[in-house]
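In: After the sequence you'll find the predicted model.
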4 protein chains.
Amino acid sequence: MGTKKRRAQEKQIRLNQILDAARKLLFSDGIGNISISKIARQAELGVGTIYFYFKNKEEIFVALQEEGLALFYDIITKINQTPLACDEKLKQIGTAFYQFSQEYKDYYDIINYFLSSSKEFFEPQLKNKIDMSGSKILSLIENVIVRGIEDKTFHKEDAKKYAILFFGALHGMIQLKKLERTALGGANHKRLYEYSINKLVQGLIP
Amino acid sequence: MGTKKRRAQEKQIRLNQILDAARKLLFSDGIGNISISKIARQAELGVGTIYFYFKNKEEIFVALQEEGLALFYDIITKINQTPLACDEKLKQIGTAFYQFSQEYKDYYDIINYFLSSSKEFFEPQLKNKIDMSGSKILSLIENVIVRGIEDKTFHKEDAKKYAILFFGALHGMIQLKKLERTALGGANHKRLYEYSINKLVQGLIP
Amino acid sequence: MGTKKRRAQEKQIRLNQILDAARKLLFSDGIGNISISKIARQAELGVGTIYFYFKNKEEIFVALQEEGLALFYDIITKINQTPLACDEKLKQIGTAFYQFSQEYKDYYDIINYFLSSSKEFFEPQLKNKIDMSGSKILSLIENVIVRGIEDKTFHKEDAKKYAILFFGALHGMIQLKKLERTALGGANHKRLYEYSINKLVQGLIP
Amino acid sequence: MGTKKRRAQEKQIRLNQILDAARKLLFSDGIGNISISKIARQAELGVGTIYFYFKNKEEIFVALQEEGLALFYDIITKINQTPLACDEKLKQIGTAFYQFSQEYKDYYDIINYFLSSSKEFFEPQLKNKIDMSGSKILSLIENVIVRGIEDKTFHKEDAKKYAILFFGALHGMIQLKKLERTALGGANHKRLYEYSINKLVQGLIP
DNA sequence: CATGAATGAGCATTCATTCAT
DNA sequence: TATGAATGAATGCTCATTCAT
């Protein structure tokens, strides 16, 4: 059985090797400039090897997206573990989302890549897997809201739905960043975003 | 001087010819599969001719995006002209946005293309032009809110900011469509969207 | 006859207009980036108009080349008019050639363009015209040498041939500029060039 | 390990296949008319394959240039190995250069292509590699001069510098070929070239 | 398991030149 | 004279994927 185990480990090592390379390229060249052969070169592996571990270029992207989501999940988990009041937690989660989109721009890009693409990607199972990463995030937010309802910080509300609205709305607001200097009429985007957080949290307060 | 005029008309005709071709391809092949040579073939023109009328592939996309924005603007203008109450208007605008994203999926895609791309597109002037189309939409929404505040349907609020939040949030919600069967936990996306509209309008009601 | 004259003048004006534009582009964008339509745009004329005045893109280049040659001729004419000794004159002409290739890099490029191209350009008459500009330069150098021979600064020599050698050799030396940091083994190119001038002049001294 | 070796050999074969095609095109169509797709077609390979073996179009040109330089180096090496006197050797090298520029016109063109282009080509390492081929040639000439100085055929002189002058000057003289029937005033170019060789060698003789 | 050579359609863009008006 | 619309071949280059070894 030791062999089997070792095999599995080696497989994992290769997998990481590839993802390390892909991540590096993601952060150095941006999502639009990643190619399989670049990844192969960076990982010091053959192109074919990449295809042995990943069916697709997209599958690699998915893995990176999951990394990004996991990272964001970690961030908001920390917020959730603080002894802050629920409304405050929610605000901090919102702010963290913005920061994440700026600091980990490339992770955000790759998440956005899947979200905004009009194509339907991957087979259901794969899709499931990814979305579950998103689910965890939504669940956490939902949880904060539930707690808030429980301790009367928030009024009664469909926590799940509101969590989705909260996340979706802020995601949409981030997208408007580009318009800062034009359609937004010069309004400071960051400020606008904070305004949005506040409104969304207010919407929960009795 | 008739010649001059006719020339200008002919030029306009060609321009439309090209945009017709591009639009057709947009709707048939999707934004990711439009290439200049395809457009040329579709328009029965030489590749060079396309470049005579448009500096860029992107410039064509911009034109199409403007079409989409104009179309959406028309739709919500009609809503605005009804004698509905402001809150109701706002809701209908929200719903119209959703419908637009479904019925004119490709126009929505192209708008999304510019919005979600991490690249900074086009020179400032061009950018301005496009964003101004967006501005009109935001202004209209803002206007509805202002009226609502005036007639006490809505409480006092920074109408401009709220308009942006309204639009941005709904835009973000539309993006989540993909997650319908997974991260959203089976929640019906359309219903979720309507829920969001309601919450956003409620946020304005005293 | 006034009409005829005026016509001719107008033609000259247009011609200059075009050359002005071309020259401007030569100096701003470099010889490799001049296109007829760019020239047309710069000159605020139609593309067709350019073709009315010049049969060819190359014909425009020829005109610019002549300008360059004329300019260089002016420079060395001034040197020739000084009361310097012939050997000194020759040296200064050599130095001036180098300076010309650096300061009027683009003129030099265009001269080089014709000289180093393996293609045979233009019909004989045109060719003649251009080369005559070169002839004048060679004649001037020849003249300096002749004077030098007359006043015994130089020993007897085929002045014409030596003039060509002088010019050709220095032209060749300028070409080696690129190799400064490699094949030339770090030898300073400018110094090398001056060394060459000296050797070439010494070759004339008894 | 035989496999590895064979692989390498096959790779070399492909490389030659490509260079053969490129050389053929160079000689048939001239340097200005070589395109990657032409090379691919000629070599009966896919375009991508070319790019697998050469990063660049320029890299192929460089390879061809090196071929040319190596060929010329071989020629003058043979001259150097004869028991001729140094001055005679130098003259023969000069003559060989002329012959090379005529017989291997296309190789000469490609060398000229890099030398006369105003663009700075390739990354330093590549540049180094090429120029070293030139260096070898210059070194050989230098060597002949050094020997001449040693055996008193030549007077004392900076051999390195003079070698460069010798080569550069003759290179420049070759460029003037075009002017044979015009600016050179009908002087026979070949004769002129030989005159130049003589003068340059005389410059070394006490 | 791993390799890496091979593919070839595809891409955006440029440009000299022509010609009907 | 002057225009400028139209052309379309040509260019260098990329890249996901396959498959024989």
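Out: Cool, got the structure. Residues are numbered from 1 along each chain as shown, chains lettered A, B, ... in the order given.
In: Give me the below-cutoff pLDDT ranges for chain A.
Out: Within chain A, the ranges that satisfy pLDDT under 70 run A:1-4, A:118-131.
In: Show me how it divides into domains.
Out: Domain segmentation of chain A under automatic domain parsing yields A:1-54, A:61-202.
In: Of all those, which one comes closest to D:Leu165?
Out: For D:Leu165, the closest of these is domain A:1-54, at 45.4 Å, according to CB to CB. C-beta: built from backbone N, CA, C; applies to glycine.
In: Can you pull the phi/psi pair for the nearest residue to A:Gly46 once chain neighbours are set aside?
Out: Excluding the flanking residues, the one nearest A:Gly46 by CB to CB, 6 or more residues apart in numbering or on different chains is A:Ala40, at 6.2 Å. Note on A:Ala40: backbone dihedrals following degrees, to the nearest 10 are phi -60, psi -50.
In: One more: the one 4 residues further on?
Out: In terms of degrees, to the nearest 10, the main-chain angles of A:Glu44 are phi 60, psi 50.
In: how near is it to chain C?
Out: Distance, A:Glu44 to chain C, by CB to the nearest CB, to the nearest Å: 32 Å.
In: And for A:Gly48?
Out: For A:Gly48 relative to chain C (CB to the nearest CB), the value is 39 Å.
In: do A:Gln202 as well
Out: 56 Å.
In: number of nearby residues for that residue?
Out: 10 (other CB atoms under 10 Å in any protein chain shown).
In: quick revisit: the residue nearest to A:Gly46 against A:Val47, yeah?
Out: Yes. Assessed by CB atoms under 8 Å, A:Ala40 is found in contact with A:Val47 at 4.5 Å.
In: Between these two, which is the more surrounded one?
Out: Neighbours per residue (other CB under 10 Å) separate A:Ala40 from A:Val47, with A:Ala40 holding more: 18 against 12.
In: tally of neighbours for the nearest residue to A:Cys86 once chain neighbours are set aside?
Out: Of all residues not flanking A:Cys86 in the chain, A:Gly148 sits nearest, at 3.3 Å (CB to CB, 6+ apart). By other CB under 10 Å, the residues close to A:Gly148 number 24.
In: With A:Ala163 instead?
Out: A:Ala163 is flanked by 23 other residues according to other CB under 10 Å.
In: Please identify which helix or strand holds it.
Out: For A:Ala163, the element it lies in under DSSP states H and E is helix A:159-175.
In: what's the distance between the residue most central in space within chain A and C:Pro83?
Out: With distances taken as CA atoms, centre = their mean, A:Leu69 lies nearest the centre of chain A, 3.3 Å away. Distance of A:Leu69 to C:Pro83, computed by CB to CB, to the nearest Å: 85 Å.
In: cool, and A:Lys105?
Out: From A:Lys105 to C:Pro83 the distance is 71 Å (CB to CB).
In: The two: which is more packed in?
Out: Remark: of A:Lys105 and C:Pro83, A:Lys105 carries more neighbours, 15 against 6, as counted by other CB under 10 Å.
In: how much space between that one and C:Lys152?
Out: 79 Å.
In: how about the residue lying closest to A:Gly134 once chain neighbours are set aside, secondary structure?
Out: Nearest residue to A:Gly134 in three dimensions, chain neighbours excluded: B:Ala183, at 3.9 Å (CB to CB, 6+ apart). Recorded secondary structure, B:Ala183: coil (DSSP: H, G, I helix; E, B strand; the rest coil).
In: Now do the host helix or strand of A:Tyr195: everything it contacts.
Out: Using DSSP H and E, A:Tyr195 falls within helix A:189-202. Helix A:189-202 has contacts (CB atoms under 8 Å, 6 or more residues apart in numbering or on different chains) with A:87, A:90-91, A:94-95, A:98, A:165-166, A:169-170, A:173-174, A:176-177, A:180, A:184, B:158, B:161-162, B:164-165, B:168-169, B:203.
In: So which bits of it are buried?
Out: Using 16 or more other CB atoms under 10 Å in any protein chain shown as the test for burial, helix A:189-202 gives A:189, A:192-197, A:199-201.
In: Among those residues, which pair sits farthest apart?
Out: Maximum pairwise distance among those (CB to CB): 18.8 Å, between A:His189 and A:Val201.
In: what's the neighbour count on the residue in chain A that chain B sits nearest to?
Out: Here the residue of chain A nearest chain B is A:Gly172; by CB to the nearest CB that distance is 2.2 Å. Look at A:Gly172: counted by other CB under 10 Å, it has 25 neighbours.
In: Which residues are in contact with the residue lying closest to it once chain neighbours are set aside?
Out: The spatial neighbour of A:Gly172 that comes closest, neighbours along the chain excluded (CB to CB, 6+ apart), is B:Gly172 at 2.2 Å. Counting by CB under 8 Å, 6+ apart, B:Gly172 touches A:167-175.
In: I'd like to know how far A:Gly203 sits from DNA strand E.
Out: Going from A:Gly203 to DNA strand E by CB to the nearest atom of the strand, to the nearest Å gives 43 Å.
In: Help me confirm that that residue comes into contact with B:Gly203.
Out: Yes. A:Gly203 is within contact range of B:Gly203, at 5.0 Å (criterion: CB under 8 Å).
In: gap between A:Glu10 and DNA strand E?
Out: Distance, A:Glu10 to DNA strand E, by CB to the nearest atom of the strand: 6 Å.
In: What strand or helix carries the residue nearest to A:Cys86?
Out: Secondary structure from DSSP H and E places A:Gly148 in helix A:124-150.
In: before we move on, what about A:Lys38?
Out: helix A:36-43.
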